[in-house]
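K.L.:
model this:
(2 chains)
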2 protein chains.
Amino acid sequence: MADGFAFRVEATDPGSRARVGRLTTPHGDIETPAFMPVGTAGTVKGVLPEQVRAAGYGLVLANTYHLALRPGVEVVARHGGLHRFMNWDGAILTDSGGFQVFSLGRGIGEGRGGKAPRVTEQGVVFRSHVDGARVEFTPEGVVAMQEALGSDIAMVLDVCPPSTAGRDEIERAMDLTTRWAQRAMAARSRPDQALFGIVQGGLDLDLRRRHAGEVTALPFEGFAIGGLSVGEPLERRIPVVEATASWLPEDRPRYLMGVGTPQDLIQAALAGVDLADCVFPTRAGRNGLLFTSAGRVAIRNAAHREDLSPADPACDCPTCRSYTRAYLRHLTLSNEILACVLNTLHNLHFFSRLMARVRAAIRAGTLRDLAAEVEHVYPVGEAESPGGSHDA
Amino acid sequence: MADGFAFRVEATDPGSRARVGRLTTPHGDIETPAFMPVGTAGTVKGVLPEQVRAAGYGLVLANTYHLALRPGVEVVARHGGLHRFMNWDGAILTDSGGFQVFSLGRGIGEGRGGKAPRVTEQGVVFRSHVDGARVEFTPEGVVAMQEALGSDIAMVLDVCPPSTAGRDEIERAMDLTTRWAQRAMAARSRPDQALFGIVQGGLDLDLRRRHAGEVTALPFEGFAIGGLSVGEPLERRIPVVEATASWLPEDRPRYLMGVGTPQDLIQAALAGVDLADCVFPTRAGRNGLLFTSAGRVAIRNAAHREDLSPADPACDCPTCRSYTRAYLRHLTLSNEILACVLNTLHNLHFFSRLMARVRAAIRAGTLRDLAAEVEHVYPVGEAESPGGSHDA
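P.N.:
Alright, predicted model coming up:
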């Protein structure tokens, strides 16, 4: 276990695999299950760190891929790391960039094979989506970058095909991810940073089981379920999350990557997942979609033109305490920056409070009741989230 | 004098016409000379009202034209007025929309004359720049709209030709503005709202003097100098401000509309101006231009790539207390919303502190020394401000 890092299960739900845990990091403790807001480029878009903290978060995600391309890891390192750079004194998990390389990175060739990043045993070569520069990510290099960023939790580089790719492609990606995980583990040098492995395997439970076995054979401080929320419908995702989580060790945090509708988060908690991240609350907020205790509210809707009520009467966030739906609608229609700020603040509070209710329900043994209640307001399949762990 | 409204000169500068005053409004006292941030659509772009207050402001400007077109005055009125709508408990000055009609409003005709708003004795007809709707502003209608918005200070509707227009056009605009001012005064009905007249006359001192006489013959609670910062260089503007201010009553606040580089604000204070507004600090902030005690900083500049110093080492604003130039540069280059927030916060603080220094210098009799100091860092003619009173 890395210095200053611990994970302890404090309560379990008798009716499911859900548990409440306490994740200790060099930058504070986080109660799990927890949702992590996404701060792609070293900022949770539109909100100040103190506002993120006030919304109830102690752990945010940042994207190694984005920070490596801009401003460059060395610029962040000059600040002594990402915490100082972005003025966030809570904990930070950095992803490895695997997902982003495959979803954002451009190919390096001109002709055949120029469309996709080039994957070799050594690593992956791609062109930056920012300036077209040729970039290589290797398992060792990505560990070094995250050590320079100084995050509390780093992730291994993985190969991320779509969950709906063919079995051969999934299997090759999986096997390479295992070898890269071994190399990442061998390369780590920072005693105060946790390193998490990532289980791939697409939607195939046999592959997932095999890969879980391979990755959990390594002494990672935690394990992630990767490769989901990239095309598959929720009803296909849930059984994969449930099974894969069950093959991960009880005494380590389990992190479901890039997944995060209210439905997803409840289902993940039921499956024994401890951490999740998604761009959904922040991106939806910028687009004028608000999460409330009565369901989704599209604030641009004409019905809110003269609506003097807050976004959610049951909410005590700064937005709901002081602003009407009519004002939020006006700002959103006017493309005002403050619309992004206020809508994002509200959604961050909603997700934070949802996770607090999940934890309380687990302790009370009533998580299935909460799941039914949330399912009533946020029916499965109502709308898919924009999956993914980078908020661009 | 309107209920709850007062203006008292507290100190004068022996070496100039500058004075320190206290403007009392139903929403608090404001020390003058004061700069008003522009909150065009009911929001100072990118910042929360509590952040505007913390930056030292007690009075902001909002645009009647913009609010009338979107969301509509009636929506704001349903909230009980603009203070509640935008969650600002300080004072608000609303402009009349005159400037915006002529700079943003489209013509109503299809062919000849379709390019410009149509001005008649009755008022001005134009097409909304938001949705193309035909809109008519009259002196009485604009007073009624501002009474419904519930601002502390309302402005009369005026005709705003460019300051560089021909004498005939300026004179016709001026005469019509006088008749509209009389109609506005006759139409006002709200006892708790001050109404300011506007002196036009372009760059012609004879016209300015004549119009100042006509407008000050009416019992307005304050007087504005309009029609400037719309094309003329600073060196032509200063003598007009100086002369016009001298023709306004000593016992009423004087407001210079839409003007606001540091140089402008100092010159205006020397001329005896009490209030000014401009989009400059907010718009410049969004564009990555920071005002500092050592001059302007273009934060996108590569020189700031690894600069660990704050935007302004002499500044104690939230941005300078916690963020480096390298981080601000990164956010600005990445088009992050937080760049707008942090840069705007800093610039608002800079302008607020500049005005506090102006007031202290007037009390100490050292305003000309401060003017020389500011002129050294912000030379006249270095760059013109984007003039105007709406931040779009």
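K.L.:
right, and the helix or strand after the lowest-mean-pLDDT helix or strand in chain A?
P.N.:
Averaged element by element with mean pLDDT, DSSP states H and E, chain A has its least confident helix or strand at helix A:98-103 (a mean of 85). Counting by DSSP states H and E, the next helix or strand C-terminal to helix A:98-103 is strand A:118-119.
K.L.:
Which residues outside that following strand are in contact with it?
P.N.:
Contact with strand A:118-119 is made by A:107-109, A:124-126, A:159, A:176, as judged by C-beta atoms under 8 Å, 6 or more residues apart in numbering or on different chains. Every C-beta, even on glycine, is put in place using the N, C-alpha and C of the backbone.
K.L.:
among the residues you listed, which ones are buried?
P.N.:
Restricting those to buried positions leaves A:107-108, A:124-126, A:159, A:176, with burial counted as 16 or more other C-beta atoms under 10 Å in any protein chain shown.
K.L.:
Identify, from the residues you listed, the entry nearest to chain B.
P.N.:
Nearest to chain B, judged by C-beta to the nearest C-beta, of the buried ones among the contacts of strand A:118-119 is A:Phe126 at 19.1 Å.
K.L.:
tell me what the one helix or strand that closest one maps to is packed against?
P.N.:
A:Phe126 is part of strand A:124-127 when elements are defined by DSSP H and E. Secondary structure elements in contact with strand A:124-127, counted by 3 or more C-beta pairs under 8 Å, 6 or more residues apart in numbering or on different chains; DSSP states H and E, are helix A:98-103, strand A:118-119, strand A:134-137.
K.L.:
could you dump the ones you listed to TSV with mean neighbour count?
P.N.:
Listed next are those as TSV, based on neighbours: other C-beta atoms under 10 Å in any protein chain shown:
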stretch	mean neighbour count
helix A:98-103	24
strand A:118-119	16
strand A:134-137	17
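K.L.:
still on that earlier bit, packing partners for the least confident helix or strand of chain A?
P.N.:
Using 3+ C-beta pairs under 8 Å, 6+ apart as the contact criterion, the elements in contact with helix A:98-103 are helix A:64-69, strand A:124-127.
K.L.:
Show me what from chain A comes close to chain B.
P.N.:
Of all the residues in chain A, those in contact range of chain B (C-beta under 8 Å from any C-beta of the partner chain) are A:41-43, A:45-48, A:70-71, A:74-75, A:78-79, A:85-87, A:286, A:305-306, A:308, A:318, A:322-324, A:326-327, A:329-331, A:333-334, A:336-338, A:340-341.
K.L.:
before we move on, the earlier item: contacts made by the least confident helix or strand of chain A with the rest, please.
P.N.:
Outside helix A:98-103, the residues touching it (C-beta under 8 Å, 6+ apart) are A:63, A:65-66, A:116-117, A:124, A:126, A:137, A:155, A:157-161, A:198, A:226, A:230, A:257-258, A:388-390.
K.L.:
next one: stretch A:27-35
P.N.:
By C-beta under 8 Å, 6+ apart, the list of residues contacting stretch A:27-35 from outside reads A:18-23, A:57-59, A:83, A:89-92, A:152, A:253, A:260, A:265, A:268-269, A:273-278, A:281, A:351-352, A:354-355, A:358-359, A:362.
K.L.:
okay, how far is it across it, tip to tip?
P.N.:
In stretch A:27-35, first residue to last residue: 16 Å (C-alpha to C-alpha, to the nearest Å).
K.L.:
Quick check: buried residues in it?
P.N.:
Residues of stretch A:27-35 classed as buried by neighbour count (16+ other C-beta under 10 Å): A:27, A:30-35.
K.L.:
Format those as TSV; extra columns: secondary structure.
P.N.:
Compiled in TSV, the buried residues of stretch A:27-35 are given as follows (DSSP: H, G, I helix; E, B strand; the rest coil):
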residue	secondary structure
A:His27	coil
A:Ile30	strand
A:Glu31	strand
A:Thr32	strand
A:Pro33	coil
A:Ala34	strand
A:Phe35	strand
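K.L.:
As CSV, could you dump the C-alpha coordinates of the helix or strand hosting A:His376?
P.N.:
For A:His376, the host element (DSSP H and E) is helix A:367-377. Output for helix A:367-377, consisting of C-alpha atoms alone and laid out as CSV, is shown next (Å, rounded to 0.1, in the frame of the first residue of the first chain):
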residue,chain,number,x,y,z
LEU,A,367,-30.2,0.6,-0.9
ARG,A,368,-32.7,-1.4,-3.0
ASP,A,369,-35.5,0.9,-1.8
LEU,A,370,-33.4,3.9,-2.8
ALA,A,371,-32.7,2.2,-6.2
ALA,A,372,-36.4,1.8,-6.8
GLU,A,373,-37.1,5.4,-5.8
VAL,A,374,-34.3,6.7,-8.2
GLU,A,375,-35.5,4.3,-10.9
HIS,A,376,-39.0,5.8,-10.6
VAL,A,377,-37.6,9.4,-11.2
